[in-house]
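Asks: Structure, please.
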Amino acid sequence: MWRKIKDMIPRETLVNLLICLAGVLLIVFAGIIPNYLASAKLVRKIGALQFQSEEQKTYHPIYQSLKSRSEKKMSSVLPFPDKTKLSREAIGVISITFRNIAKNTGMNIVSISPDLNSTDTDHNFLPVEIIIAGDFPDLRGFLIALGGVPYLEHIEEIQIQQNREVMEFKVKTILALSQ
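Replies: Numbering: from 1, shown residues only. Below is the predicted model of the structure:
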């Protein structure tokens, strides 16, 4: 069969046909296949970049929140106000003071309970129980700001309780009262 084809087609034509076929194969193997592989690689890269972009869009609000929190300048010096005593007439002011401190530090006041019927024999001090809700990192700011209250004698106890949505902190303080 090969001889029949050889006899029918002149030798020059057959050589030219083989050269053209080799040229076509060279173009396919040297140009088209590498371009196809490079294109497939680029499509995979594009898919990965689109996934990264969507992921970054999802995490962007969290990033902004963390960034704004980190940019808040925390005082490197603790407040040490001149100690004063709270007059008995101004006891109603303590709830406003504690609410403002909580608001400024990102916490929410659940309750403020001064113990006006303290069984303590020394009536120069007023125990106050403050229950606040919020994030654990905000507690630090709350305690630092609480240290700036001039009639705060000391913090007696801190209890932490994790609820379903938020953490609750019970802070027992002792305030200095004037006679």
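Asks: Got the domain ranges for this structure?
Replies: 2-71, 88-176 (automatic domain parsing).
Asks: How far does the last one sit from its chain's centre?
Replies: Computed by C-alpha atoms, centre = their mean, to the nearest Å, the chain-centroid distance of domain 88-176 equals 27 Å.
Asks: now do stretch 80-97
Replies: The answer for stretch 80-97 is 36 Å, by C-alpha atoms, centre = their mean.
Asks: Rounded mean pLDDT for the longest helix that the chain contains, please.
Replies: For the chain, the helix with the greatest residue count under DSSP state H is helix 33-71. Averaged across helix 33-71, pLDDT comes to 90.
Asks: buried ones in that helix?
Replies: Buried positions in helix 33-71, judged by neighbour count with 16 or more other C-beta atoms under 10 Å: none. C-betas here are computed from N, CA, C, even on glycine.
Asks: again with stretch 155-168
Replies: Buried residues in stretch 155-168 (16+ other C-beta under 10 Å): residue 167.
Asks: what's the answer for stretch 171-179, then?
Replies: For stretch 171-179, by 16+ other C-beta under 10 Å, it's 171-177.
Asks: quick one: the helices in this protein?
Replies: Going by DSSP H, the chain shows helices at 2-8, 11-27, 33-71, 93-104, 136-146.
Asks: which residue lies farthest from the center of this protein?
Replies: The C-alpha centroid of the chain is most remote from residue 7, which lies 82.4 Å away (C-alpha atoms, centre = their mean).
Asks: mind checking how far residue 24 is from residue 39?
Replies: Here the criterion is C-beta to C-beta, to the nearest Å. By it, residue 24 lies 21 Å from residue 39.
Asks: Let me fix that, I meant to ask about residue 32.
Replies: 10 Å.
Asks: do residue 153 as well
Replies: 75 Å.
Asks: what ranges of the protein fall below the confidence cut-off?
Replies: For the chain, the stretches with pLDDT under 70 are 1-2, 5-6, 73-78, 116-122.
Asks: Closest one to residue 136 out of the buried residues of stretch 171-179, please.
Replies: residue 171 (13.4 Å; C-beta to C-beta).
Asks: out of everything not next to it in sequence, what's closest to that closest one?
Replies: Excluding its sequence neighbours, the residue lying closest to residue 171 (C-beta to C-beta, 6 or more residues apart in numbering) is residue 130, at 4.7 Å.
Asks: tell me which residues form a beta bridge with the one you found?
Replies: With DSSP bridges as the criterion, residue 130 is bridged to residue 112, residue 171.
Asks: Please give me every residue in contact with it.
Replies: 98, 109, 111-113, 170-173 (C-beta atoms under 8 Å, 6 or more residues apart in numbering).
Asks: ok, residue 30 to residue 43 distance?
Replies: For residue 30, the distance to residue 43 - C-beta to C-beta - is 22 Å.
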